[in-house]
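1. got a predicted model here, sequence first, then my questions.
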Amino acid sequence: MGERMTAAEAIVRCMEIEGVTHAFCVPGESYLPILDALYQHPTIQLFAARHESGAAFMAEGFAKASGRPAVVMATRGVGAANLSIAVHTARQDSTPMVVFLGQVHRRFYGREGFQEMDVERFFAPIAKWAAEVRDPERVPELVQRAFRTAITGRPGPVVLAFPEDLLPVEIEPAFAEAAQPLRPHPSPQDIARAIDCLSRAERPVIIAGGGVKASAGETALQRFSDATGIPVLAAFRRHDVIPNDHPHYVGHVGLGTPSPILKTLQNADVVVAVGTRLSEVTTQDYSILARGQTLIHIDIDPEAIGKVFPVAVGIGADARAALEALRAAARDKLAPSKWKNWTSERRRAYEEASALTDVPEDDDPSGCNMKRIMKILCALLPKDTIIANDAGNFAGWLHTYYPFVKPQTYVGPTSGAMGYGFPAALGAKLAHPDRWVVSFSGDGGFAMTMQELATAAHYRIPVLALVFNNAMYGTIRMHQEMRYPGRVVATGLSEVDFAGAARALGVDGHRVTSSEAFERFLERLVDHPLTAPVLIEVKTDPNAIAVNATLSGLRASSIKP
């Protein structure tokens, strides 16, 4: 006979086999046997958050920063619903994540038991796979399948629910080897067709997305661009696919992208989309690719190819493998000199649009000027700092002006989830304890998960949290003023002392109302490694609603003569 153990112990053994080093949770009685199996486990660190959304965002940030699947656990029903926003984020962001949920006793199914939820139906639209495990003997099989599914093809979240009476059952498990992601290679015929399209191009451009990062293909992307001279655009919130100071990097396509950068994509005659699903935001409401443009779409998920735009060449392959094959095939067929002027022109357009020029010498009396803040951050933060941002207009200044010059330095939600930035930064810091990690949040989004300040303090996770406070839901207020000028409803927020709240939760909190004060404080911080979390609340000018817009200007432009 083989070794016997409980189903819960088998789950933890599977985690160990699959290389899990960090797990996140809010504890619940429905899965106490799993927690007990993790008690003083030698290789897996368990972090308990203050809310399931915070725990799941921590897991998503850890997975995104490390490239490895993360595990998050929650109780049945209410806990599952609370973390569902992070499951949706992991799905839209193609982040590998495994979710373990407690579930009601098997005898209680279908009776609307305490906190009962049909997990499979609830998560089916937003997870790669969702299942309830009802046979204890199948626990190892299904748990290891969950990890394999999370990392295979287009990565994403997988959800498994375990009835509470199943977890203590003893089984004689059989375990497989750790799952390895499949790296499908492109066919020579498809590569030849892509090279043929590019050979006829006058103004080609590459859009590089999350698939490049998931395949560790940043170097392959740079080498292909170097070999061919083709300029590179980063897809929405994938800034770090190529160093932003590289002469072939020509900008980021996302929310509020400056028009000179959009013109690069609009004027291109051949577009090579690599590892991107060509989302609504990247393609500016699915409008940016026009008839007459040739699309070469490379993605590990064949269903993504041709889903939103017709393709001339579709290649279902791992991004790194495809880029390496393209570079090899391009030798002696694509001359970089052919597109030198085009690439140089588009690089100049990016540099002009992203240059921190015309920075005011003084702040507005109502708060700090965001251009001044960005100039300080660009000057002082270490180049390998990991930036995790929340959703909101404040991120426009980050997207426009901050240069990402090292790989794996950006963690942001393409799903646009508010409340993401700070807990994701905690996960990223656990993935890279030796690097600086900074979260960017607005006051609206930060308030949604600020309870995780207590988590950061409890585990002494040394991140720097920046909270830009303009006392409003800024993005929605901008659209409100554009469509209903002066008719303000629901978007104004009361003043919150975030620095004081941080101190109350055990975090060193500071409030600054001038750029000079911010600079002095940041200079002191970067002189030494952080050993505990720090929060800086930055009071910003509420009139400066976006990078190139003010509330007063929006209202004036909406007034009918």
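-> Structure's in. What do you need?
2. hmm, H252 and L233 touching each other?
-> Yes: using CB atoms under 8 Å, L233 makes contact with H252 at a distance of 7.0 Å. For the C-beta atoms, the positions are set from N, CA and C on the backbone; glycine is no exception.
3. what's the overlap in contacts for these two?
-> Counting by CB atoms under 8 Å, 6 or more residues apart in numbering, the contacts common to L233 and H252 are I261.
4. those two - which one has more neighbours?
-> L233 (29 against 25; other CB atoms under 10 Å).
5. tell me the secondary structure for that one?
-> At L233, secondary structure determined by DSSP: H, G, I helix; E, B strand; the rest coil is strand.
6. state the distance from it to R76.
-> From L233 over to R76 the distance is 44 Å, taken as CB to CB, to the nearest Å.
7. which stretches of the stretch 51-200 of the chain aren't confidently modelled?
-> Residue ranges of the stretch 51-200 of the chain with pLDDT under 70: 108, 115.
8. try 80
-> 104, 106-116 (pLDDT under 80).
9. could you check the pLDDT of S366?
-> Per-residue confidence at S366 stands at 88 (pLDDT).
10. hmm, I was thinking of D285
-> Turning to D285, the model gives it a pLDDT of 92.
11. the one 10 residues further on too?
-> We note a pLDDT of 96 for L295 in this prediction.
12. look at it and tell me its secondary structure.
-> Assignment for L295 (three-state DSSP): strand.
13. isn't it up against V308?
-> No: assessed by CB under 8 Å, L295 is found out of contact with V308, at 9.9 Å.
14. between those two, tell me which one has more neighbours.
-> Taking neighbours as other CB under 10 Å, L295 and V308 compare with L295 leading, 22 against 16.
15. tell me the contacts of that one?
-> Contacts for L295 (CB under 8 Å, 6+ apart) come out as V270, V271, A273, L289, F309, P310, V311, A312, V313.
16. which of those residues lies closest to A176?
-> The closest of those to A176 turns out to be A273 (CB to CB; 34.8 Å).
17. distance from the chain centre to the host helix or strand of the closest one, please.
-> Here A273 sits within strand 270-274, counting by DSSP states H and E. Relative to the centre of its chain, strand 270-274 is centred 22 Å away, using CA atoms, centre = their mean, to the nearest Å.
18. likewise stretch 200-216?
-> Stretch 200-216 has its C-alpha centroid displaced from the chain centroid by 18 Å (CA atoms, centre = their mean).
19. same question, stretch 369-377
-> 23 Å.
20. could you give me the average pLDDT of that stretch?
-> Rounded mean pLDDT across stretch 369-377 is 95.
21. buried ones among the contacts of L295?
-> V270, V271, A273, L289, F309, V311, V313 (16 or more other CB atoms under 10 Å).
22. check the gap between the fourth one and V488 for me.
-> Spelled out, it's L289. 37 Å.
23. what's the answer for the first one, then?
-> From V270 over to V488 the distance is 46 Å, taken as CB to CB.
24. just the last one next, same as before
-> In this structure, V313 and V488 are separated by 50 Å, where distance is defined by CB to CB.
25. which other residues reach stretch 533-540?
-> With CB under 8 Å, 6+ apart, stretch 533-540 has contacts from 367-368, 370, 373, 394, 453, 456-457, 460-470, 497-499, 502, 507-513, 518, 521-522, 525.
26. and the strands in the stretch 451-561 of the chain?
-> Listed in chain order, the strands of the stretch 451-561 of the chain (DSSP state E, counting those that start in this stretch) span 464-469, 508-512, 534-539.
27. partner strands of the second one and their direction?
-> Okay, so that is strand 508-512. Strand pairing for strand 508-512, determined by DSSP bridges: strand 534-539 (parallel).
28. the first one too?
-> According to DSSP bridges, the neighbouring strands of strand 464-469, each with its direction, are strand 437-442 (parallel), strand 534-539 (parallel).
29. so which of those strands is the most packed in?
-> strand 437-442 (a mean of 28; mean count of other CB atoms under 10 Å).
30. with only the CA atoms kept, save that strand in CSV.
-> C-alpha atoms of strand 437-442 as CSV (Å, rounded to 0.1, in the frame of the first residue of the first chain):
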residue,chain,number,x,y,z
VAL,A,437,8.0,48.1,-5.3
VAL,A,438,5.7,51.2,-5.6
SER,A,439,2.0,51.3,-5.9
PHE,A,440,0.1,54.1,-7.6
SER,A,441,-3.5,54.6,-6.5
GLY,A,442,-6.2,57.3,-6.6
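31. now that strand: average pLDDT?
-> Per-residue scores along strand 437-442 average to 97.
32. contacting residues around it?
-> Outside strand 437-442, the residues touching it (CB under 8 Å, 6+ apart) are 377, 381, 385-390, 392-395, 398, 421-422, 424-425, 428-429, 463-470, 474.
33. what do L295 and V308 both touch?
-> Common neighbours of L295 and V308 (CB under 8 Å, 6+ apart) do not exist.
34. tell me the domain boundaries of this structure?
-> 5-171, 188-354, 370-558 (automatic domain parsing).
35. so how far is P157 from I126?
-> Applying CB to CB to I126 and P157 gives a distance of 8 Å.
36. comparing these two, which residue is more hemmed in?
-> With neighbours defined as other CB under 10 Å, I126 and P157 compare such that P157 has more, 35 against 20.
37. how about the more buried one, phi and psi?
-> Main-chain dihedrals, P157, degrees, to the nearest 10: phi -90, psi 140.
38. start the count at 23, not 1, going forward
-> Fine by me, first position is 23 from now on; the one you just mentioned is P179.
39. distance check, it against A290.
-> According to CB to CB, P179 stands 33 Å off from A290.
40. flag the shaky bits of the stretch 473-583 of the chain, pLDDT-wise.
-> 580-583.
41. the helices in it, which residues?
-> 474-481, 496-505, 520-526, 537-548, 573-580 (DSSP state H, counting those that start in this stretch).
42. just name the most buried of those helices.
-> By mean count of other CB under 10 Å, the helices of the stretch 473-583 of the chain have helix 474-481 as the most buried, with a mean of 21.
43. packing partners for that helix?
-> The contact analysis (3 or more CB pairs under 8 Å, 6 or more residues apart in numbering; DSSP states H and E) places helix 474-481 against strand 67-70, helix 74-88, helix 443-453.
44. can you point out the buried residues in the second one?
-> Under the neighbour-count criterion of 16+ other CB under 10 Å, helix 74-88 has 74-88 buried.
45. of these, which is the nearest to N363?
-> Of the buried residues of helix 74-88, the one sitting nearest to N363 (CB to CB) turns out to be K86, at 37.0 Å.
46. against A450, how distant is that closest one?
-> 7 Å.
47. give me the common contacts of those two.
-> With CB under 8 Å, 6+ apart, K86 and A450 have common neighbours V433.
48. contacts for the host helix or strand of I409, please.
-> Secondary structure assigned from DSSP H and E places I409 in strand 408-411. Contacting residues not belonging to strand 408-411 are listed as 83, 87, 417, 420, 424, 426, 430-434, 442-444, 446-447, 450-451, 454, 457-463 [CB under 8 Å, 6+ apart].
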